[in-house]
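Engineer: show me the folded form of this:
(2 chains)
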Protein chains: 2
Amino acid sequence: MNAIRPVFYVSDGTGITAETIGHSLLTQFSGFQFLTDRIAFVDDMDKARETVLRIREAGERYGVRPIVVNSCVDPQMSTVIAESGALMLDVFAPFIGPLERELNQPRQARVGRAHGIVDFDSYHRRIEAMNYALAHDDGVALDYNEADVVLVGVSRAGKTPTCVYLALHYGVKAANYPLTDGDLDHDQLPPRLKPFRRKLFGLTIDPERLQQIRQERRPDSNYSRLETCRREVQAAEALFARERIPTLSTTHTSIEEISSKVLATFGLQREMF
Amino acid sequence: MNAIRPVFYVSDGTGITAETIGHSLLTQFSGFQFLTDRIAFVDDMDKARETVLRIREAGERYGVRPIVVNSCVDPQMSTVIAESGALMLDVFAPFIGPLERELNQPRQARVGRAHGIVDFDSYHRRIEAMNYALAHDDGVALDYNEADVVLVGVSRAGKTPTCVYLALHYGVKAANYPLTDGDLDHDQLPPRLKPFRRKLFGLTIDPERLQQIRQERRPDSNYSRLETCRREVQAAEALFARERIPTLSTTHTSIEEISSKVLATFGLQREMF
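Structural biologist: Reported below is the predicted structural model:
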């Protein structure tokens, strides 16, 4: 039995920063069942007091001190929330001093700048990239002139979620092209991909894992047979090797990890959103 | 002229945590042009030394001390990277001690747990949610029995990116239904939405902004006329009010903010990915 411990991500913005670092910290401890709760947009005194009540309530219910990962930019909010008696981890506090000294400037405590629409152009680029990813998903549109990257792989290798992630987070225009039987029968790159050779990134996957995924979508079909999966994956990997296309296996790799490798491979240094 | 300052997000994992908190911190300072560079998967000594060289090089090129936002879990990596002479902001260091004392347990320095595939089931849920969002985008499939939430609004109000974000980050199954002329001519909820009334969340937008967005997609069409936008938005807002559907304007609201409000409205307390 894992010990229950309530954790609150509190923010006067979306709470995404608090949640991201809090999640990273908690994964470094085991043996606990962390009950996480996000309280976002705590931007006035009433909401701060309400937050204190919720935190205290959780502490009483589970008979244990709650943990608060706090990313309120407004120090007044943080002061009130600290009255909850929880272990307060303030995600900005330790870094503001060193940054102020280094940059020789006091911080500006503006709420919601990290995950709000601050720079309209870059926000717009991101939405455009998202539209691009959906329009160029699964070989629907094949004009890759505008693409930053084209993910190539057999069906269900993880292309679509990665394209969408790259768009949403980095404003990267990522298309994807599914390698079909017809493509894999030939010993060369599909002709429509040739002009975009330098933008290609191959995704591969263990045939056994692929079989599981396909089985869920189309049970007991030719598509989901292990033999089919093996043949397709083998042909795709041979193609990637022959054409020297950078390749990654998605079997044990998350969308975030794949995206990170794609960005590094193509030297795409877009700022994160 | 803004002063140039190189910033490196360094990690032995994806670098997402470093980037998220670093971005939040930097938005609190103005007057600088931060040149950000992400160096991910720094998981051996060679890569750490290479990283040091890149950081030093940037410092020399711009004649200013670089800033490193470091989320390496392995302390050895951090020690090497600190030799670069950059301002080191270690995103975990300040919180590990307090957490170790509170949880009465030493941290386990395992790399890649935050953004890798740690819990296969929850990762799977997320990919499933993503497939769900795309299959139920734009009124394509209308069976919302499985949906956690159904976003409703006129075309280009921001429904699709929000659904995808909710899926990718929270494993929430979000469908979206576009209100068309036919729907808006009637004084009531489209019949196919009625059974799912409690799952509906309305997105609205300023007609002027909507006109700009539509103009980019279909220039000088009836679809993009300001009058059309005004009429549709007005009818949609009237519908939301009459049916008491929770509603949010997306005009100045980012995908992250919309998603955060949707989660709060429906009390969806899924853990972030």
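Engineer: count the neighbours of A:Leu268 for me.
Structural biologist: 17 (other C-beta atoms under 10 Å in any protein chain shown). Just so you know, the C-beta spots here come from the backbone N, C-alpha and C atoms, and that holds for glycine as well.
Engineer: cool, A:Asn222 as well?
Structural biologist: If you count neighbours by other C-beta under 10 Å, A:Asn222 ends up with 8.
Engineer: measure the nearest residue to it once chain neighbours are set aside to A:Gln234 for me?
Structural biologist: In this structure, A:Asn222 finds its nearest non-sequential neighbour in A:Thr228, 5.9 Å apart by C-beta to C-beta, 6 or more residues apart in numbering or on different chains. According to C-beta to C-beta, to the nearest Å, A:Thr228 and A:Gln234 sit 11 Å apart.
Engineer: which of those two has more neighbours?
Structural biologist: The neighbour count for A:Thr228 versus A:Gln234, taken as other C-beta under 10 Å, is higher for A:Thr228 (18 against 13).
Engineer: ok, and what's touching the helix or strand harbouring the residue nearest to A:Asn222?
Structural biologist: Counting by DSSP states H and E, the element that carries A:Thr228 is helix A:226-242. When contacts are defined by C-beta atoms under 8 Å, 6 or more residues apart in numbering or on different chains, helix A:226-242 is touched by residues A:152-155, A:157, A:179, A:181, A:184-185, A:187-189, A:202, A:204-208, A:210-211, A:214, A:222, A:245, A:247.
Engineer: any idea how far chain B is from A:Ala264?
Structural biologist: Using C-beta to the nearest C-beta, to the nearest Å, we find A:Ala264 at a distance of 6 Å from chain B.
Engineer: before we move on, the earlier item: confidence score at the residue nearest to A:Asn222?
Structural biologist: pLDDT recorded at A:Thr228 is 96.
Engineer: distance of it from chain B?
Structural biologist: Following C-beta to the nearest C-beta, the distance that separates A:Thr228 from chain B is 20 Å.
Engineer: now that residue: how far from A:Asp121?
Structural biologist: When distance is defined by C-beta to C-beta, A:Thr228 is 46 Å away from A:Asp121.
Engineer: one more: A:Val42?
Structural biologist: 29 Å.
Engineer: those two: who's more crowded?
Structural biologist: A:Val42 (27 against 8).
Engineer: which pLDDT does the model give A:Val118?
Structural biologist: Taking A:Val118 on its own, its pLDDT is 64.
Engineer: what of A:Val111?
Structural biologist: Taking A:Val111 on its own, its pLDDT is 66.
Engineer: one more: A:Cys163?
Structural biologist: On the pLDDT scale, A:Cys163 gets 96.
Engineer: cool, A:Leu210 as well?
Structural biologist: So, for A:Leu210, pLDDT stands at 95.
Engineer: OK, contacts around A:Glu256?
Structural biologist: A:Glu256 touches A:165, B:14, B:16, B:115-116, counting by C-beta under 8 Å, 6+ apart.
Engineer: and A:Thr51, what element?
Structural biologist: Short version: A:Thr51 belongs to helix A:45-62, going by DSSP H and E.
Engineer: please name every helix or strand in contact with that helix.
Structural biologist: Where contact means 3 or more C-beta pairs under 8 Å, 6 or more residues apart in numbering or on different chains; DSSP states H and E, helix A:45-62 is packed against strand A:3-10, strand A:32-39, helix A:75-82.
Engineer: got a markdown table for the ones you listed, with distance to B:Thr79 too?
Structural biologist: Shown next, in a markdown table, are the helices and strands packed on helix A:45-62 (distance: least, C-beta to C-beta, whole Å):
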| stretch | distance to B:Thr79 |
| --- | --- |
| strand A:3-10 | 30 |
| strand A:32-39 | 29 |
| helix A:75-82 | 31 |
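Engineer: lowest mean pLDDT across these, which one is that?
Structural biologist: Among the helices and strands packed on helix A:45-62, strand A:32-39 scores lowest, at a mean of 92.
Engineer: partners of it, with directions?
Structural biologist: Its sheet considered, strand A:32-39 pairs with strand A:3-10 (parallel) by DSSP bridges.
Engineer: okay, the next helix or strand after the strand it pairs with in CSV with CA atoms only?
Structural biologist: As assigned by DSSP H and E, the chain's next helix or strand after strand A:3-10 is helix A:16-26. The C-alpha trace of helix A:16-26 is given here as CSV (Å, rounded to 0.1, in the frame of the first residue of the first chain):
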residue,chain,number,x,y,z
ILE,A,16,1.2,24.5,-16.3
THR,A,17,4.7,25.5,-15.0
ALA,A,18,3.9,24.4,-11.5
GLU,A,19,2.5,21.1,-12.8
THR,A,20,5.4,20.5,-15.1
ILE,A,21,8.1,20.9,-12.5
GLY,A,22,6.0,19.4,-9.8
HIS,A,23,5.4,16.3,-11.9
SER,A,24,9.2,16.0,-12.6
LEU,A,25,10.0,16.3,-8.9
LEU,A,26,7.4,13.8,-7.8
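Engineer: sorry, back to before: where strands are concerned, which of the contacts of helix A:226-242 count?
Structural biologist: A:152-153, A:202, A:204, A:247 (DSSP state E).
Engineer: which of those are buried? Put it as a ChimeraX command.
Structural biologist: Buried subset of the ones in strands among the contacts of helix A:226-242, written as a ChimeraX selection, criterion 16 or more other C-beta atoms under 10 Å in any protein chain shown:
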select /A:152,153,202,204,247
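Engineer: could I get the ones in strands among the contacts of helix A:226-242 in a markdown table, plus columns for distance to chain B and pLDDT?
Structural biologist: Putting the ones in strands among the contacts of helix A:226-242 into a markdown table (distance: C-beta to the nearest C-beta, whole Å; pLDDT from 0 to 100) gives the following:
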| residue | distance to chain B | pLDDT |
| --- | --- | --- |
| A:Val152 | 19 | 97 |
| A:Gly153 | 15 | 97 |
| A:Gly202 | 18 | 98 |
| A:Thr204 | 16 | 97 |
| A:Thr247 | 16 | 97 |
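Engineer: among the helices and strands packed on helix A:45-62, which is the most enclosed?
Structural biologist: Of the helices and strands packed on helix A:45-62, the one with the most neighbours on average (mean count of other C-beta atoms under 10 Å in any protein chain shown) is strand A:3-10, at a mean of 22.
Engineer: now do that one: everything it contacts.
Structural biologist: By C-beta under 8 Å, 6+ apart, strand A:3-10 touches A:15, A:18-19, A:22, A:26, A:31-40, A:42, A:51, A:54-55, A:58-59, A:61-62, A:64, A:66-72, A:81, A:86, B:103.
Engineer: mind giving me the ChimeraX command for buried ones among the residues you listed?
Structural biologist: Filtering the contacts of strand A:3-10 down to the buried ones (16+ other C-beta under 10 Å) takes a single ChimeraX command:
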select /A:15,18,19,22,26,32,34,35,36,38,39,40,42,51,54,55,58,59,66,67,68,69,70,71,72,81,86 /B:103
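Engineer: where does pLDDT dip in the stretch 151-273 of chain A?
Structural biologist: The model of the stretch 151-273 of chain A has pLDDT under 70 over residues A:270-273.
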